[in-house]
Every structure is written in structure tokens, then in C-alpha cells.
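Student: Sequence plus the predicted model coming up.
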Amino acid sequence: MPELLQFLFSGVTVGAVYALVALGFTIIYNASDVVNFAQGEFVMLGGMITVAAYAAGVPLPLAAVIAIVATAAIGVAMNKLAIEPARGAPVVSLIIITIGASIFIRGGTQLLLGKQIHTFPAFSGDAPIRIMGATILPQSLWVIGGAVVVFIGLWLFFTRTLTGRAVLATSNNRLAAQLVGINTRFVMTLSFALSAGIGALAGVLVTPITLTSYDVGLALALKGFAAAMLGGMGNPKGALVGGLLLGLLESMTAGYLSSQYKDAAAFVVILLVLFFMPQGLFGRKSTERV
């Protein structure tokens with residue numbers, strides 16, 4: 001029993017990180033139908049910028065805020081400089097642009113902040129909390145709580161605010177949204193800022209547990225994408241559930257089979273979803289009139 005509980009704690013912690021990455025995918029997908037594969041780099045930037053600011057003598061809470069704001073600004077710049085100029089391009093071309101942006105951000109971070117592995121102190125200390133023979137770090141509770149708060153915030157944003165509904169309207173029909181007075185450029189800018197900020201928050205929360213370096217973003221992007229696909233691309237509830245399920249699957253695979261197969265779980269999930277349930281757990285089947 002303690003062993004199973006330990007795997008559950010580990011899976012929920014990792015799954016909460018994947019859920020935050022998947023929520024970032026969801027925001028941009030809802031606004032533009034584009035899958036942003038630079039989302040993992042936003043997580044990396046959150047951790048790396050916090051490390052750099054903290055090393056420069058900035059208090060940790062302020063360093064975290066600086067990292068989130070700076071990463072959100074980078075997300076806006078990515079939209080303005082890379083996505084907006086290619087607005088009329090096919091979706092596949094826009095996805096390739098996001099992959100190029102990911103490579104650029106990774107390379108720039110390597111040049112500016114180095115190749116070393118970094119961390120910073122946990123928010124509430126490192127003393128583990130014991131529950132029924134298993135342990136969980138206080139920082140893990142910050143990660144899980146952060147994912148839940150962000151999910152609730154996004155759900156309220158998309159369902160209870162005019163701006164959130166404008167994002168959904170822009171995704172559904174960009175031209176119709178413009179005709180009714182929605183500023184679609186602002187919607188896109190806001191979406192990239194929110195997505196990048198949420199990614200940075202995930203990086204800030206998880207770095208004390210997993211450490212960070214310039215190259216952690218790619219794996220996080222792929223696993224966040226798998227989580228979003230599993231839950232249903234574009235659905236915040238699906239992103240949360242998909243992330244948690246993927247984290248639990250990885251943890252159980254590592255615990256009961258081998259840690260060598262842990263990373264393969266995300267790719268198996270992607271293949272199974274594409275083959276048997278392309279709309280995901282909470283996605284809606286789409287029909288196209290011809």
C-alpha cells in the first residue's frame with residue numbers, strides 16, 4: 001500500500017506539470033487552431049529566468065514574478081514576430097514556425113544562461129510530509145495547487161468573461177469574429193501571453209523538484225501535447241485530466257515495469273488516441289458541411 005501511494009503522489013505531481021503545459025496548448029489552440037510546440041520552452045524559461053534572477057540577489061518570490069512576466073513578453077514577441085506575419089499560411093506552416101521558435105529560444109537560452117543544470121530553494125522547505133507510509137514534498141503541493149488554480153481560472157475565463165468568449169469565437173470563425181467587432185489581433189496577443197505565463201508558472205513551481213536546464217523544454221512539450229490530445233485538444237478540463245492521467249501512467253510504468261519505459265508512455269498515448277479516439281476524452285466530434 002505505501003508503495004502504490006508513493007507512485008500515486010509522484011504521478012499526480014508530474015501530471016500536474018503536464019496539465020499546466022497542456023493548458024498552455026489549449027489556450028493558443030482555442031484562439032488560432034495552432035499547436036504551439038514552443039510551449040515547453042516557456043516552462044524552461046520560467047525556471048531558468050527565476051534561477052538567474054535569484055542568483056543575482058533578487059528575492060525568490062520577486063524572481064518568480066519577473067520570470068513569469070518576462071516569459072509572457074517573449075510569448076507576445078513570438079506572436080508578433082513569427083506568427084502574425086504568417087497569418088494566412090496553412091496551419092501546418094504555423095506549427096513548423098512554432099518548432100523553429102522553440103529551437104531559437106533553446107539556443108538563445110544556452111548562449112545566455114549556459115548549459116548547466118540549475119535549481120533554487122523550495123517554497124516551503126524540503127522536509128517531506130508523511131501520509132500512510134508514503135511521502136510527498138511540500139513543493140509537490142504547490143505544483144498540484146497551481147495546476148488546479150490555473151484550471152479554475154481558465155474555466156471561468158472561457159465561460160464567464162466576454163474576452164474568453166471572444167477567444168473561442170476567434171477560433172471558431174476568425175472572419176465572423178472580426179465582422180462582429182472582435183479585435184482578433186488582441187485575442188492572439190493575449191492568448192500567447194497567457195500561454196507563456198502559465199508555462200513559466202509551471203517552470204517556477206517544478207524546478208525545485210526536477211531541476212532545470214536549457215534543454216528540458218522539448219520533452220515537456222511532447223508530453224504536454226500528449227496530455228492535451230488525451231483529454232481533448234482545446235478543452236481545459238481535458239487538459240487537466242489528460243495531464244494527471246499521463247503522469248499516473250508514467251509513474252506506474254516506472255514503478256512496476258521499468259523507468260526505461262517511462263518516457264515511452266506519452267508516445268504510446270498519442271498513437272492510441274490518434275488511432276481510436278481522435279477527439280480525446282472530452283473533445284467534441286467535429287463535422288464539416290460540404
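Tutor: Cool, got the structure.
Student: Please count neighbours and contacts with C-alpha atoms only from this point.
Tutor: OK.
Student: Which stretches in the stretch 101-250 of the chain count as strands?
Tutor: 129-131, 134-136 (DSSP state E, counting those that start in this stretch).
Student: How about residues contacting the first one?
Tutor: Residues outside strand 129-131 that contact it (C-alpha atoms under 8 Å, 6 or more residues apart in numbering): 135-138.
Student: Show me how far that strand is from its chain's centre.
Tutor: Mean-position distance between strand 129-131 and its chain equals 28 Å (C-alpha atoms, centre = their mean, to the nearest Å).
Student: Please apply the same query to stretch 182-197.
Tutor: 16 Å.
Student: Quick one: mean pLDDT for it?
Tutor: Stretch 182-197 comes out with an average pLDDT of 91.
Student: Convert it to PDB, retaining C-alpha atoms only.
Tutor: Provided in PDB are the C-alpha atoms of stretch 182-197 (Å, rounded to 0.1, in the frame of the first residue of the first chain):
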ATOM      1  CA  ILE A 182     -13.800  41.400 -32.000                       C
ATOM      2  CA  ASN A 183     -10.100  42.500 -32.200                       C
ATOM      3  CA  THR A 184      -8.600  39.200 -33.300                       C
ATOM      4  CA  ARG A 185      -5.100  40.500 -33.100                       C
ATOM      5  CA  PHE A 186      -5.500  41.400 -29.500                       C
ATOM      6  CA  VAL A 187      -7.100  38.000 -28.800                       C
ATOM      7  CA  MET A 188      -4.000  36.300 -30.300                       C
ATOM      8  CA  THR A 189      -1.600  38.500 -28.300                       C
ATOM      9  CA  LEU A 190      -3.500  37.800 -25.100                       C
ATOM     10  CA  SER A 191      -3.500  34.100 -25.800                       C
ATOM     11  CA  PHE A 192       0.200  33.900 -26.300                       C
ATOM     12  CA  ALA A 193       0.800  36.000 -23.200                       C
ATOM     13  CA  LEU A 194      -1.400  33.800 -21.100                       C
ATOM     14  CA  SER A 195       0.000  30.600 -22.500                       C
ATOM     15  CA  ALA A 196       3.600  31.700 -22.000                       C
ATOM     16  CA  GLY A 197       2.800  32.900 -18.500                       C
END
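Student: In stretch 94-112, which of the residues would be classed as buried?
Tutor: Neighbour-count burial for stretch 94-112 flags 94-95, 97-99, 101-103, 105-106, 109 (criterion: 16 or more other C-alpha atoms under 10 Å).
Student: And it, how far out from the chain middle?
Tutor: Counting by C-alpha atoms, centre = their mean, stretch 94-112 comes out at 16 Å from the chain centroid.
Student: Same question for stretch 116-127.
Tutor: 21 Å.
Student: Pull the residues that contact that stretch.
Tutor: Contacts of stretch 116-127 (C-alpha under 8 Å, 6+ apart): 47-48, 51, 54, 137-139, 207-209, 211-213.
Student: can you rerun that using 7 Å?
Tutor: By C-alpha atoms under 7 Å, 6 or more residues apart in numbering, the list of residues contacting stretch 116-127 from outside reads 51, 137-139, 207-208, 211-213.
Student: what helix or strand does the residue nearest to Ile49 when sequence neighbours are not counted sit in?
Tutor: Excluding the flanking residues, the one nearest Ile49 by C-alpha to C-alpha, 6 or more residues apart in numbering is Ala67, at 5.1 Å. Taking DSSP states H and E as the definition, Ala67 sits inside helix 60-78.
Student: Which strands or helices does that helix pack on?
Tutor: The contact analysis (3 or more C-alpha pairs under 7 Å, 6 or more residues apart in numbering; DSSP states H and E) places helix 60-78 against helix 39-55, helix 184-210.
Student: I appreciate the help and will end here.
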